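A.B. asks: my questions are about this predicted structure, shown below with the sequence.
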Amino acid sequence: MAKKFNRKAAQEYMLGFIQRFDKTGRNHANLKAIYDAMSDDQFHEMMLAIKEKKANTPFIYDHLTDNRIDLAFVDGFASKEFGLKLRQRIRYKSKITDEYYWSNSERWILDVPIRRLIQSIENKISVSTSKQVNVATNQPVGDNKSSSISGPESLILLGQGFDAAVSEFLVVRGGDMQAKNALDQSIRQSGGASLNAVLAYGEGAKAVATVGHQFTAAHWRNNLKE
């Protein structure tokens, strides 16, 4: 079991450190609440996990608020508190001459998590190479299916008020060939198109009518074809 006076000293050090690093006091309050809810054994286990680099002390910075991360402050704080220089010149090795050289300017030497956006990965980007559509639904298939929209994505668009975008994705480009033909013709002739105008030529997505036929064939009365 961790001795109480050791725990008290460790807590005071960490809480003081957090208070100096975050002047808003939010992280100090959060960390104090976490510590207050811990038993001595739990606190000791947490300290050992942090020492063995299996855990970290939680720290929160809010987005879109005045409490933003200031890199200049972080650089100065690390230098003052720990004697660390977070910006240094980097030593490179030439792949041609095998000689070493230094970068002209100082670079950040922090370990940061990086997650590449899927849209920026070339092998994840697809481009239509045909006009192939499914006979039953008139929806793009095969090589023509360059992009798609899921149910949750469509609900997000609706929730944000992008009704016109949903109508274009799910109706004009989602199986209503009359509206799609009107859209293409308007773009060819004038360089643009009005969604309200092309929808006036539409007869509805064919997938809906197809499902209606399937229900009728199964002796389920429905009005989907209408």
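C.D. replies: That came through, no problem.
A.B. asks: what about this structure, any weak spots by pLDDT?
C.D. replies: Scanning the chain for pLDDT under 70 picks out 1-5, 63-64, 67, 112-131, 142-148, 226.
A.B. asks: please enumerate the strands of it.
C.D. replies: 87-93, 100-108 (DSSP state E).
A.B. asks: now those strands as TSV including mean neighbour count and distance to residue 134?
C.D. replies: Any C-beta I mention is one placed from the backbone N, CA and C, and that applies to glycine too. TSV is the format used below for these (neighbours: other C-beta atoms under 10 Å; distance: least, C-beta to C-beta, whole Å):
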stretch	mean neighbour count	distance to residue 134
strand 87-93	12	54
strand 100-108	10	51
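A.B. asks: in a markdown table: the ones you listed, plus distance to residue 25.
C.D. replies: Shown next, in a markdown table, are the strands of the chain (distance: least, C-beta to C-beta, whole Å):
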| stretch | distance to residue 25 |
| --- | --- |
| strand 87-93 | 28 |
| strand 100-108 | 27 |
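A.B. asks: ok, which of those comes nearest residue 50?
C.D. replies: Within the strands of the chain, the stretch nearest residue 50 is strand 100-108; the backing value is 23.6 Å (C-beta to C-beta).
A.B. asks: just checking: what are the partner strands of that closest one?
C.D. replies: Strand pairing for strand 100-108, using DSSP bridges, gives strand 87-93 (antiparallel).
A.B. asks: contacts for the partner strand, please.
C.D. replies: The contact list for strand 87-93, computed with C-beta atoms under 8 Å, 6 or more residues apart in numbering, reads 75, 99-109.
A.B. asks: quick one: that strand to chain centroid distance?
C.D. replies: 31 Å (C-alpha atoms, centre = their mean, to the nearest Å).
A.B. asks: CA atoms only for that strand, dumped as CSV, please.
C.D. replies: The C-alpha trace of strand 87-93 is given here as CSV (Å, rounded to 0.1, in the frame of the first residue of the first chain):
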residue,chain,number,x,y,z
ARG,A,87,12.7,22.7,-30.8
GLN,A,88,16.0,21.6,-32.1
ARG,A,89,18.0,21.3,-35.3
ILE,A,90,17.6,17.8,-36.8
ARG,A,91,20.6,15.7,-37.9
TYR,A,92,20.0,14.1,-41.3
LYS,A,93,22.0,11.5,-43.3
